[in-house]
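**Student:** have a look at this prediction, sequence included:
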Amino acid sequence: MIRAVVTGLGAVTPFGLGVKTYWNGLAAGLCAIRPVTLLDTQGLRCRLAAEVPEVIPGSRRRSRADRLALAAAVEALEDAHLERAERAEVAVVVGAVGGGMFEAEEWYWREAGRGAVEPDRRALGAVLPWSHAEVVANALGLYGPRETLTTACSSGAAALAVASELVTTGMVDLVLAGGVDAITRICYLGFNALKLLDPEPCRPFDRERRGMSIGEGAGFFVLESAEHAAARGARVYAELAGYGMTSDAYHVTSPDPEGRGMARAMVEALTRSGLNAADVGYANAHGTATPQNDRMEGLALRAVFGAEGLLVSSTKSMIGHTMAAAGSLEAMATVLALVHDVIPPTVHLDSPDPEVAFDCVPHRARHAAIEHAISNSFGFGGQNVTLLFRRACT
Amino acid sequence: MSLPEGRRRVVITGVGAIGAPFSGDSAALGASLANPQPCFGTLAPGALAGVMDGVDARRLSRVCRLAVAAARLAATDAGGEADAPLGVVVGTELGDLHSTRDFADGYLARGQAGLSALLFPNTVMNTMAAATSIALQARGLSLTINAPGIPGELAVARAAASIAARRAERLLAGGVDELDPYVVEMLGRMGVESGGRGEGAAFLMLETLDGARARGARILGEILAVATGALPARPVGVGRSNRSRVVQLALERTGGRVQDVGWVYASLGGDAARDAWERSVLEAALAPHRPPLAALGMLWGQHAGLGALRIAAAAWTARSGLLPVTSLDEPGVRPRVNITRVSAGLGLVHGVARGGAHAAIVVGPAPVG
């Protein structure tokens, strides 16, 4: 049996550039949700978001999202110590939703009402989600299989699941996989229209929670076969031991009211990894802080893992909901929790919701050495993905 | 991507398509291939009548209606009941840009009061997969693959690989795109579209050979191997290199050789620079062999569903021995099509997209015995 292991990580997050910056922010329980600077939010119910605070490297001719993806991808490949000559056969799997919509919106907003206008080639040429994979693969010389997956807010996790399948079925030895999204007007306005945004920083699992906070970023992994990693002496962060991907087939925006699709994804991940529920010590929850999601996820976690022993936290309380990047950035938090023996907290959790009857690690990170952890990601359309990571053998 | 050793055999048991040239099941596809007529452009009004009930027609965006209708046709064509959970893999190049623009226009015209909570979910590209999963109560894998040029081929390749690798049992795989006039106009003015576009949706029901036999399903063909990769090229550009191992990898997985390829369905579609690149890649991969070639995109216009239709067409050729060979000798002129009898062999479905994505899918007839 071929095992897929994590040998490289790269991140651009609302804490800034780099994996170290990301982990330091999570472990310190910092909140990166602040007043929006990228968009005009005048008159909107919510005016906060978790924006990437620094100048993103790369040519300004590329979209903000393409630059986020490329910066994280470069860090992941360098972290894995993959030389250029080794990269030609590397597969690229990217989870994406917004594409280069931020720049396309700038053009469309500017030109609205003027009738026939000249298209902005740069903006419109990169507007679709597939742009990120094309840019990353061609800039870095990666010519293996190339896939862009869109499963709404679970896209980054779906990319890692498919990458794991490519490795464990022997199709490729190495995959660069992850998720990326930049804040866009359509996304921000749309969630405002659905009244799903909290005017204050989001409070996952709190009984007073009022909705989510939008974020942006990119998280990329190098996944490779354990044998390949051992042969080249690569450092292994963790093993991606299993995954589950299911669909609620219930409603486009509402999850199954009993969390059945979510639970099936978690059970699938356990089954594929050959583990029991009791083997899992930590769940990095989807934890959006919407009243519905957190309750359904609580139900699903309880159905699969019981009410005792599992530590649950939502890192969205610190970096917001980074959309297509959320699945990969939260998977990265899960992996780093295994590496550092530290569970990142759920900040702003003052009065825990009794319907989510877990230890949700409020306010401060906690020391805990665990062997296995899951990362949950769910999305519009009833898309459910669970990734299960195993601590690296030492 | 190639199917691994010890894979499960993957067969096609249903076809459903909605499009300008025809709408229907595997029989309708066969009739259209046997007498192929050029037919570009938008779907005729009323094409969804009888496939889509009034509730779906009101509730879903147009591109979602295309997807749901084609998926239902494929599920019906596959017949019978199956115990295994159904999943969906949808390829699309453009998604629901029509709804995205409507959503933005609502805000620009009326501010916050113009924001539509109903339109917003359609701005996310998985909306077609979500609508299809809900309509067919498909609770297994649900994936949307967004790619330039060949999203339908990539969706079927992903689905076939997942079934072969025991990650899924039954998947509806295919693609959908619509011709939104504004999007087409913008693409044209950007000069990135020189090929003819069509619109529509097509899905294949894929399942394991054992599962199909257990439920007594009619088998339309077998997906013998898939391989995907990429050629060097700028995003949305055409590359110079014609060297790729993708075709070779796919053939290796079948135990076949280049000379075993009996015919090719290519993604040629009227984009002159891209078409020339694909022909160069094919020639390099198959040399000195030059099997006859069909180019459905020249006849029916390119859209994400056509990738799935090419694979279904390859299965039809494997069954019937007939191929709609497309003459490509006169650039800029509508191709002539001759129905040619081909000898037994492997069918190769081949796709190259601007930006470099590359797919090869080897198709054979229904297994005997």
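**Tutor:** The structure has been received and is ready for your questions.

**Student:** all contacts plus neighbour counts: C-alpha atoms, from now on.
**Tutor:** Fine.

**Student:** can you list the domain ranges for chain B.
**Tutor:** Taking automatic domain parsing as the criterion, chain B consists of the domains B:10-214, B:226-364.

**Student:** how about those domains in JSON lines, adding distance to residue A:354?
**Tutor:** Output for the domains of chain B, formatted as JSON lines (distance: least, Cα to Cα, whole Å):
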{"stretch": "domain B:10-214", "distance to residue A:354": "29"}
{"stretch": "domain B:226-364", "distance to residue A:354": "47"}
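
**Student:** pipe these into a markdown table and attach mean pLDDT and distance to chain A per row.
**Tutor:** Shown next, in a markdown table, are the domains of chain B (pLDDT from 0 to 100; distance: least, Cα to the nearest Cα, whole Å):
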| stretch | mean pLDDT | distance to chain A |
| --- | --- | --- |
| domain B:10-214 | 92 | 4 |
| domain B:226-364 | 93 | 4 |
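
**Student:** what's the closest of those domains to residue A:137?
**Tutor:** domain B:226-364 (8.8 Å; Cα to Cα).

**Student:** end-to-end on the closest one?
**Tutor:** Terminal residues of domain B:226-364 are spaced 12 Å apart (Cα to Cα, to the nearest Å).

**Student:** distance between it and the chain's centre?
**Tutor:** Put simply, domain B:226-364 sits 13 Å off its chain's centre (Cα atoms, centre = their mean, to the nearest Å).

**Student:** same question for stretch B:95-102.
**Tutor:** 21 Å.

**Student:** CA atoms only for that stretch - export them in CSV, please.
**Tutor:** Output of stretch B:95-102 as CSV, limited to C-alpha atoms (Å, rounded to 0.1, in the frame of the first residue of the first chain):
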residue,chain,number,x,y,z
GLY,B,95,-19.5,27.9,-15.0
ASP,B,96,-22.5,30.1,-14.4
LEU,B,97,-21.0,33.4,-15.5
HIS,B,98,-24.5,34.6,-16.5
SER,B,99,-25.7,34.4,-12.9
THR,B,100,-22.5,36.0,-11.7
ARG,B,101,-23.1,39.0,-14.0
ASP,B,102,-26.7,39.2,-13.0
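
**Student:** count of residues packed around the nearest residue to residue A:290 once chain neighbours are set aside?
**Tutor:** In space, and not counting its chain neighbours, residue A:290 is closest to residue A:211: 4.1 Å by Cα to Cα, 6 or more residues apart in numbering or on different chains. By other Cα atoms under 10 Å in any protein chain shown, the residues close to residue A:211 number 26.

**Student:** pretty sure residue A:211 contacts residue A:205?
**Tutor:** No - between residue A:211 and residue A:205 there is no contact under Cα atoms under 8 Å: 10.5 Å.

**Student:** between these two, which contacts overlap?
**Tutor:** residue A:289 (Cα atoms under 8 Å, 6 or more residues apart in numbering or on different chains).

**Student:** one step back: and the domains of chain B as a markdown table, adding mean neighbour count?
**Tutor:** A markdown table is the format used below for those (neighbours: other Cα atoms under 10 Å in any protein chain shown):
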| stretch | mean neighbour count |
| --- | --- |
| domain B:10-214 | 22 |
| domain B:226-364 | 22 |
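
**Student:** so which of these is nearest residue A:320?
**Tutor:** Comparing these by Cα to Cα, domain B:10-214 comes nearest, at 18.9 Å.

**Student:** please name the residues that touch residue 278.
**Tutor:** Picking chain A for this. Per Cα under 8 Å, 6+ apart, neighbours of residue A:278: residue A:305.

**Student:** try again with chain B
**Tutor:** Residues in contact with residue B:278 (Cα under 8 Å, 6+ apart) are B:267, B:268, B:351, B:352.

**Student:** SS state for it?
**Tutor:** helix (DSSP: H, G, I helix; E, B strand; the rest coil).

**Student:** so where do the helices sit in the chain?
**Tutor:** Looking at chain A here, since you left the chain open. Here chain A has its helices, by DSSP state H, at A:19-28, A:64-79, A:101-111, A:121-125, A:130-140, A:155-168, A:185-193, A:226-231, A:260-273, A:291-305, A:316-319, A:326-340.

**Student:** my question was about chain B
**Tutor:** B:26-34, B:54-59, B:62-78, B:97-110, B:127-136, B:151-164, B:181-190, B:209-214, B:246-254, B:272-286, B:296-300, B:304-320.

**Student:** and the nearest residue to residue B:30 once chain neighbours are set aside, how far is that from residue A:99?
**Tutor:** Closest residue to residue B:30 apart from its sequence neighbours, by Cα to Cα, 6+ apart: residue B:316 at 6.6 Å. Here the criterion is Cα to Cα. By it, residue B:316 lies 37 Å from residue A:99.

**Student:** for residue B:222, same thing?
**Tutor:** 35 Å.

**Student:** what number of residues lie near the closest residue to chain B within the stretch 151-300 of chain A?
**Tutor:** As assessed by Cα to the nearest Cα, chain B sits closest to residue A:249 within the stretch 151-300 of chain A, at 4.1 Å. The number of residues packed near residue A:249 is 25, by other Cα under 10 Å.

**Student:** list the contacts of it.
**Tutor:** A:381, A:382, B:130, B:133, B:134, B:135, B:137, B:138, B:139.

**Student:** got the residues you listed as JSON lines, with distance to residue B:55 columns?
**Tutor:** Below are the contacts of residue A:249 laid out as JSON lines (distance: Cα to Cα, whole Å):
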{"residue": "A:381", "distance to residue B:55": "18"}
{"residue": "A:382", "distance to residue B:55": "20"}
{"residue": "B:130", "distance to residue B:55": "16"}
{"residue": "B:133", "distance to residue B:55": "16"}
{"residue": "B:134", "distance to residue B:55": "13"}
{"residue": "B:135", "distance to residue B:55": "11"}
{"residue": "B:137", "distance to residue B:55": "16"}
{"residue": "B:138", "distance to residue B:55": "19"}
{"residue": "B:139", "distance to residue B:55": "21"}
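
**Student:** so residue B:326 bridges to which residues?
**Tutor:** residue B:337 (DSSP bridges).

**Student:** relative to residue B:277, how far out is it?
**Tutor:** Relative to residue B:277, and taking Cα to Cα, residue B:326 is found at 17 Å.

**Student:** residue B:180 touches residue B:98, doesn't it?
**Tutor:** Yes - the pair residue B:180 and residue B:98 qualifies as a contact (Cα under 8 Å) at a distance of 6.3 Å.

**Student:** near chain B, which residues of the stretch 51-200 of chain A?
**Tutor:** A:91, A:97-98, A:109, A:112, A:118-119, A:121, A:125, A:128-131, A:134-135, A:138, A:141, A:143-152, A:165-166, A:169-172, A:186, A:189-190, A:193-194 (Cα under 8 Å from any Cα of the partner chain).
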